[in-house]
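Student: I need the structure of the sequence given here:
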Amino acid sequence: MNPNTDKLVRRTTMVATVTAGYFLLTADYGPEPNVLDPIKSAIQSWEQSVKKFLFGSKQGVQEGKKPSSDATTEKHP
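Tutor: Model (predicted):
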């Protein structure tokens with residue numbers, strides 16, 4: 001097999017394996033606790049951390065909001 005093709009097949013297989021594992025670990029298995037719950041919690045925590053890192057925290061977004069209409073209509077003495 002061509003070395004470039006072999007490399008592409010290996011990388012595709014690795015990505016497919018990781019993706020399948022991710023979907024299996026984060027699947028909803030119902031309300032009963034199971035062995036994968038701690039792993040699922042860790043993955044979801046990691047996802048939130050990455051989102052906060054990439055997009056910033058929601059608190060920073062709220063600080064940038066315009067003042068509410070009550071604050072702008074307030075009368076000054």
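Student: Which residues are in contact with N4?
Tutor: If you count contacts by Cβ atoms under 8 Å, 6 or more residues apart in numbering, N4 has none. C-beta coordinates here come from the backbone N, C-alpha and C atoms, glycine included.
Student: What helix or strand is it located in?
Tutor: Using DSSP states H and E, N4 falls within helix 3-25.
Student: Return the mean pLDDT over that helix, rounded to an integer.
Tutor: The pLDDT scores in helix 3-25 average 92.
Student: So what's the residue count around P3?
Tutor: 7 (other Cβ atoms under 10 Å).
Student: er, T19 I mean
Tutor: T19: 10 neighbours (other Cβ under 10 Å).
Student: swap in T26?
Tutor: T26 has 13 neighbours, counted by other Cβ under 10 Å.
Student: May I have the phi/psi pair for it?
Tutor: phi -100, psi 10 (degrees, to the nearest 10).
Student: So for the chain, the centremost residue is which one?
Tutor: By Cα atoms, centre = their mean, the chain has its centre lying nearest to E47, at 3.3 Å.
Student: For T19, see how far away it is.
Tutor: Computed as Cβ to Cβ, to the nearest Å, the E47 to T19 distance reads 14 Å.
Student: Which residues are in contact with the residue nearest to the centre of the chain?
Tutor: No contacts exist for E47 under Cβ under 8 Å, 6+ apart.
Student: The strand or helix carrying S41 to helix 3-25, inter-axis angle?
Tutor: In this assignment (DSSP H and E), S41 forms part of helix 37-55. Between helix 37-55 and helix 3-25, the angle comes out at 120 degrees (axes from the mean of the first three to the mean of the last three Cα atoms, to 10 degrees).
Student: average model confidence for helix 37-55?
Tutor: Helix 37-55 comes out at a mean pLDDT of 89.
Student: Buried ones in it, by neighbour count?
Tutor: Taking 16 or more other Cβ atoms under 10 Å as the neighbour-count basis, helix 37-55 is seen to contain no buried residue.
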